[in-house]
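Trainee: give the three-dimensional model of this entry:
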Amino acid sequence: MTPDEITELFTRSDGSYAFARWGRPIAPVVFGVEDATLGVVKGALEAVCQMAGHTMAETDPELGVNFMVFFFRDWDELRHVPDLDRLIPDLVPLVERLETADANQYRIFRFDESGAIRACFVFLRMDDHLSAVPADTLALSQVVQSMLLWSDTAFTDRSPLAVTPGGATVLRPEIGALIRAAYDPVMPACADDPSHALRLAARVGQAQ
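Mentor: You can find the predicted model right below:
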């Protein structure tokens with residue numbers, strides 16, 4: 001990937017450069033699905049963490065769990081989840097905005113004092129579009145988009161996934177290489193200077 005391509009993936013719609021990776025092991029929990037789908041989500045997370053060189057945990061010592069994925073049919077359901085408004089103080093106006101936009105997914109990150117990701121909340125409203133996506137594809141896509149603080153426009157035109165000639169859905173190789181580079185221990189856990197993309201590009205080039 002070129003430095004410009006990488007820069008674009010972390011440049012937000014307001015023009016600011018914002019990058020962050022997880023600064024702690026990921027302790028996941030999934031709500032609203034059967035055990036089979038739960039296994040698919042955790043399997044995707046394990047695979048991406050292994051590829052990145054990052055770790056998972058059963059619990060987070062501070063938060064208990066720090067990666068929450070919610071599956072539901074209607075945004076209104078979030079208003080009735082016990083204590084969710086304590087985790088997301090602006091929950092009610094957020095739900096109203098998402099209802100108005102007819103959105104089918106939303107992702108919220110929380111950061112520690114160093115700027116690294118400390119928690120992520122993923123909300124998936126299973127409308128006709130998302131319901132038609134195979135569980136393993138949906139899980140992999142959501143995990144990849146939760147591993148880093150990507151731009152809010154990063155994957156609007158092109159998915160981070162690709163379909164092989166055999167029909168399997170996989171992570172695009174260049175996105176996988178970028179995630180590995182981002183989790184290199186010598187790289188910072190967060191960055192707001194576009195020169196960071198140059199360092200990522202150099203590490204992606206070395207890996208390839």
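Trainee: and what about the residue positioned nearest the centre of the chain, helix, strand or coil?
Mentor: Most central in the chain under Cα atoms, centre = their mean is S146, positioned 1.1 Å from the mean C-alpha point. Following DSSP: H, G, I helix; E, B strand; the rest coil, the label given to S146 is helix.
Trainee: outside of the longest strand seen in the chain, which residues touch it?
Mentor: In the chain, with assignment by DSSP state E, the single longest strand is strand 117-125. The contact list for strand 117-125 (Cβ atoms under 8 Å, 6 or more residues apart in numbering) reads 20-24, 62-63, 66-75, 78, 87-88, 98, 103-112, 130, 138, 142, 146, 149. Where C-beta positions appear, they are placed from N, C-alpha and C, glycine not excepted.
Trainee: any stretches of the chain with poor pLDDT?
Mentor: The chain contains residues with pLDDT under 70 at 207-208.
Trainee: can you give me the helices in it?
Mentor: 3-9, 35-52, 84-87, 91-101, 128-131, 135-147, 173-182, 195-207 (DSSP state H).
Trainee: next, format the ones you listed as JSON lines and append distance to G15.
Mentor: JSON lines is the format used below for the helices of the chain (distance: least, Cβ to Cβ, whole Å):
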{"stretch": "helix 3-9", "distance to G15": "11"}
{"stretch": "helix 35-52", "distance to G15": "28"}
{"stretch": "helix 84-87", "distance to G15": "30"}
{"stretch": "helix 91-101", "distance to G15": "22"}
{"stretch": "helix 128-131", "distance to G15": "30"}
{"stretch": "helix 135-147", "distance to G15": "21"}
{"stretch": "helix 173-182", "distance to G15": "21"}
{"stretch": "helix 195-207", "distance to G15": "14"}
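Trainee: out of those helices, which is closest to V29?
Mentor: helix 35-52 (9.1 Å; Cβ to Cβ).
Trainee: so who does L9 touch?
Mentor: L9 touches W150, S151, A154, L178, counting by Cβ under 8 Å, 6+ apart.
Trainee: burial of the third one, as a residue count?
Mentor: Put plainly, it is A154. 18 (other Cβ atoms under 10 Å).
Trainee: how close does it sit to R118?
Mentor: Distance, A154 to R118, using Cβ to Cβ, to the nearest Å: 21 Å.
Trainee: can you tell me how far the nearest residue to A191 once chain neighbours are set aside is from G32?
Mentor: Here the nearest residue to A191 in space, its sequence neighbours aside, is F19; by Cβ to Cβ, 6 or more residues apart in numbering that works out to 4.5 Å. Computed with Cβ to Cβ, the distance linking F19 and G32 is 30 Å.
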